[in-house]
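Undergrad: no sequence on hand, only this structure:
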């Protein structure tokens, strides 16, 4: 178990360095930050001065070195666009994205798992067939279309829910703001979290269903049935536990996805999270913010993956036997 | 509210409904006592430091709090703000400052603050506004003199967005240096404001919302009746429109042309639009001996005036106006907007398209079968930019010129076409003269490139005409307004004749507004809160 954990940890570190390098290379080729930093009638002298100050003319290796050095010292620099420290910008936006992701994940787990189990166990019932039919829509409907549609119905036509923003937030300490403690915060969460969860719900649902159907055909389920175990115990105790390993992997990765790909949802609902910050930064080639964002997302994925992999032995001890 | 909740049980259904309606009405009427104005725009005023960037929108938001010496009225004419009088004497401008004005922290406004703001603006994002000012002198507490390099007749026009900061406040908070991208630390003024203006910032979440409340101690008599203004940033156009139609905000900026009709036809809302001072134009590379992105090798077809003229004749600005912009543009024949000092109708009329003549000119120039060239465009900078580019390609295909649009995000586009490399053969660009005066445009995008003086820094096609350069120098120092306009007209005519620039149109500012709000739309897209009246 210790060896297994250590090897996973080492892999994670290597991946992290690779992500920083790729992120840095992508970003250093993104566009001209001077275009947004200087007025259009800036002189060449002004341009040269800024290029010098930002180290833009240094070699790639040198710049990556400086970048890593700053990062290790916990500094991501100053945003080119807003002149605020990047770490502050990201810290301010993180709570909104995390809260949205958590609510979406909760929706995904509750609806996805319960729907998936129902459709797997009662595969032939008309209700299951209807669920499967509608879940196709969830997989195929693009996020922004769904978001705009929800806004049109629930904000513009019915006027029940806000179309943008996060509502009123409450500060918890210096580093966290939460929308969970106000009514308007919860109201603001409804549409974006449904939009963000829709794809994941249908994905998890379809996955659990097919896993259960497959396990239903395996020998141990047949033997259990032959021994006369009650169907409820067969499905919910034995089959479900075996179906869970891939589901936990997927759900874990989905949390990463929900955070990383909330960009579209955040843009549609003007949700003040990281995704929106990322989008705004790309438009102005705000290199320090983009680099920090990419690395942060990389770290989130790595941590989630690590947790998921470390949880396997608990769910299915056979993982350890297979060697690491 | 005299309705007792306990009484509900005895009422009939209708009565209950009426009662709850009355209750609702009572609840809804209550907040009307404090007049709140909520509005949304696609971008934030992304810094609160008035000297950090020269960006029309940012400065228009900040000038609700900070004020200039001379401000612009709703019709863009000049009126006294922190200066009460000003006059020019050769290369010296003397300003009388307003007495009895207080900053929002209580300290008194005087000449020291103006001198301080001048020093703070050196080597900052706004130094271009003060480019001609050599030095500034404090004469007494309420008089200052600005000495210009040479004679500068339009200095008052150039400083209407130059905002004044309190010296004592900046010094006390370590904000003496203007915020800039190469700072190692954040400046206090990036997040905090202390002006002399009609509003003060009471809440601020960068890129999310900015709340301003009326400043009760403002020196001027308020024309507005707003107690509180909340400005939201909503980047997505569809969401912005929804926020307006659902009543969450009272006014939105940058309504997409395709949604303008929907907003206008919804009961309770109207669209307000007017010409923007930004002109969208095409510019060709006339400097290189061989184009970077073209099928023609060993020669530059754009060096031939007939080829340039042919392309101009192929473009039908009415098609772009009607089909792409849906009426929200003003086709133009020159590079400055009607509202800009120096415009004249003789050059301003759009070119009438003539495909046959264009084909003939191309054939005469030696390209009877046309050629291909790449057109560099943005896809997130100007209104409908990508669609315009695609339409242009279609229009120019009519004369056999194969234009390939290359639409990119503004950062990449700028990296490519901007100095020092100017890597483009044909580009669609937009320009707004910050001074509302044609000289700024001529100096920046027309004059022969001269790194030393900064002339022609954004002349991406490398256009160069000795006569025009001389005119630009004369315009700079000419103090007689009529003579000056004549010189500008002369320069604009030469440029038009050359066909090295193809002006397309002025963009339009399009706002969606809830009925019952009286506001002024300025041609620079600015929304001064001091001119808003809620009914």
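TA: On my side now, so go ahead. Just so it is clear, the structure is predicted and the values come from calculations on it, not from any experiment.
Undergrad: low-confidence ranges in chain B?
TA: For chain B, the stretches with pLDDT under 70 are B:1-33, B:181-186, B:411.
Undergrad: rerun at 50
TA: Where chain B drops to pLDDT under 50, the residues are B:1-32.
Undergrad: within range of chain B, give me the residues from the stretch 51-200 of chain A.
TA: Proximity of the stretch 51-200 of chain A to chain B (C-beta under 8 Å from any C-beta of the partner chain) is limited to residues A:53-54, A:78-85, A:88-89, A:92, A:148, A:151-152, A:155-156, A:159, A:162-166. Backbone N, C-alpha and C define where each C-beta goes, glycine included.
Undergrad: tally of neighbours for residue B:466?
TA: Residue B:466 is flanked by 8 other residues according to other C-beta atoms under 10 Å in any protein chain shown.
Undergrad: chain neighbours aside, what residue packs nearest to it?
TA: Taking C-beta to C-beta, 6 or more residues apart in numbering or on different chains as the measure, residue B:466 lies nearest to residue B:448, with 7.8 Å between them; neighbours along the chain are not counted.
Undergrad: quick one: buried ones out of the residues of the stretch 51-200 of chain A next to chain B?
TA: If you count burial by 16 or more other C-beta atoms under 10 Å in any protein chain shown, the buried members of those come out as A:54, A:78-85, A:88-89, A:92, A:148, A:151-152, A:155-156, A:162-166.
Undergrad: is whichever strand or helix holds residue B:274 in proximity to chain A?
TA: In this structure, residue B:274 is located in strand B:269-284 according to DSSP states H and E. No. Shown here: strand B:269-284 not in contact with chain A (C-beta under 8 Å from any C-beta), separated by at least 11.2 Å.
Undergrad: next SSE downstream of that strand?
TA: Taking DSSP H and E as the definition, the helix or strand that follows strand B:269-284 towards the C-terminus is helix B:305-314.
Undergrad: just checking, what packs against that following helix?
TA: Packing partners of helix B:305-314 (3 or more C-beta pairs under 8 Å, 6 or more residues apart in numbering or on different chains; DSSP states H and E): strand B:269-284, helix B:355-364, helix B:385-397, strand B:501-514.
Undergrad: out of the ones you listed, deepest packed?
TA: strand B:501-514 (a mean of 24; mean count of other C-beta atoms under 10 Å in any protein chain shown).
Undergrad: what strands line up against that strand, and which way round?
TA: Within its sheet, and counting by DSSP bridges, strand B:501-514 is paired with strand B:251-252 (antiparallel), strand B:269-284 (antiparallel), strand B:329-331 (antiparallel).
Undergrad: any idea which of these gets closest to residue B:37?
TA: strand B:251-252 (7.4 Å; C-beta to C-beta).
Undergrad: domain parsing of chain A, as residue ranges.
TA: A:2-72, A:91-285 (automatic domain parsing).
Undergrad: residue A:241: neighbour count?
TA: Here the neighbour count serves as a burial measure; for residue A:241 (other C-beta under 10 Å) it reads 12.
Undergrad: and the host helix or strand of it, what does it pack against?
TA: Of the helices and strands defined by DSSP H and E, residue A:241 is found in helix A:240-260. Applying 3+ C-beta pairs under 8 Å, 6+ apart, we find helix A:240-260 packed against helix A:86-107, helix A:183-216, helix A:287-315.
Undergrad: now it: average pLDDT?
TA: Confidence over helix A:240-260, taken as the mean pLDDT, stands at 76.
Undergrad: roughly how far is that helix from the heart of the chain?
TA: With C-alpha atoms, centre = their mean, to the nearest Å as the basis, the distance from the averaged C-alpha position of helix A:240-260 to the chain average is 12 Å.
Undergrad: quick check: next helix or strand after that helix?
TA: For helix A:240-260, the following helix or strand on the C-terminal side (DSSP H and E) is helix A:263-268.
Undergrad: which outside residues touch that following helix?
TA: Helix A:263-268 is touched from outside by A:97, A:100, A:143-144, A:147-148, A:151, A:192, A:195-196, A:271-276, A:278-279, B:235-236, B:238-239, with contacts defined as C-beta atoms under 8 Å, 6 or more residues apart in numbering or on different chains.
Undergrad: what's the answer for stretch A:185-194, then?
TA: Residues from elsewhere that reach stretch A:185-194, judged by C-beta under 8 Å, 6+ apart: A:99-100, A:103-104, A:107, A:147, A:150-151, A:154-155, A:161-163, A:165-170, A:178-180, A:265-266, A:268-269, A:271.
Undergrad: could you do stretch B:211-220 as well?
TA: Contacting residues not belonging to stretch B:211-220 are listed as B:64-65, B:98, B:100-102, B:104, B:196-204, B:222, B:224, B:226-231, B:529-530 [C-beta under 8 Å, 6+ apart].
Undergrad: appreciated, that's everything.
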